[in-house]
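**Q** Okay, here's the prediction I keep looking at, along with the sequence it came from:
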Amino acid sequence: MVGDSRHMRIGELSERTGTSRRLLRYYEEQGLIAPTRSANGYRDYDEANVDRVAQIRGLLDSGLPTRIIKQILPCLNQPRVIHFSDATPEMLATLEFELDRMTQRIRCLTRNRDAIAEYLAAVRTDEGREADDGHEAVVGVPARA
């Protein structure tokens, strides 16, 4: 961020992102994040690293390996400015495969989300009816007569 001089140490970045310090150091070793170093050798992270770590975690959760993430990460913020001289056929095939896999996962997650939403709506409707009858609704337990 231009003009943003806010820096944090690894502990604060860890807390803000829910990512362990060990994992943040691993991301650094893999070249996924690049903190600056203070005069005493401490890692200093800027505000942009909070979003970057979230992006890395999302890509890892989707199944992409760190070697692919490292290659595509610089381009994700500006996809129309992608110039890859090192885009190998293997990397492109991996990305195609991962894109298909993510699409399937999104479909599955969407179905599960919709099923949970329907379940919650049904439970809430049933709870409303039970409350009107003066009986306590207990999910998953048949009502007593």
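**A** Received the coordinates, thanks.
**Q** Might you calculate how far the helix or strand of the chain with the lowest mean pLDDT sits from the centre of the chain?
**A** One helix or strand of the chain scores below all others by mean pLDDT, DSSP states H and E: helix 66-76, with a mean of 85. Centroid separation between helix 66-76 and its chain, computed with Cα atoms, centre = their mean, to the nearest Å, is 15 Å.
**Q** Can you show me the CA trace of it as CSV?
**A** C-alpha atoms of helix 66-76 as CSV (Å, rounded to 0.1, in the frame of the first residue of the first chain):
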residue,chain,number,x,y,z
THR,A,66,2.8,-24.2,-3.4
ARG,A,67,5.1,-24.4,-6.5
ILE,A,68,2.1,-23.5,-8.7
ILE,A,69,0.8,-20.9,-6.2
LYS,A,70,4.3,-19.2,-6.3
GLN,A,71,4.1,-19.0,-10.1
ILE,A,72,0.6,-17.6,-10.3
LEU,A,73,0.3,-15.5,-7.2
PRO,A,74,1.9,-12.3,-8.6
CYS,A,75,-0.6,-12.4,-11.5
LEU,A,76,-3.8,-13.0,-9.5
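**Q** any residues touching that helix, and which ones?
**A** Contacts to helix 66-76, defined as Cβ atoms under 8 Å, 6 or more residues apart in numbering, come from residues 30-32, 52, 55-56, 59-60, 81-82, 84, 86-87, 91, 94-95, 98. C-beta: built from backbone N, CA, C; applies to glycine.
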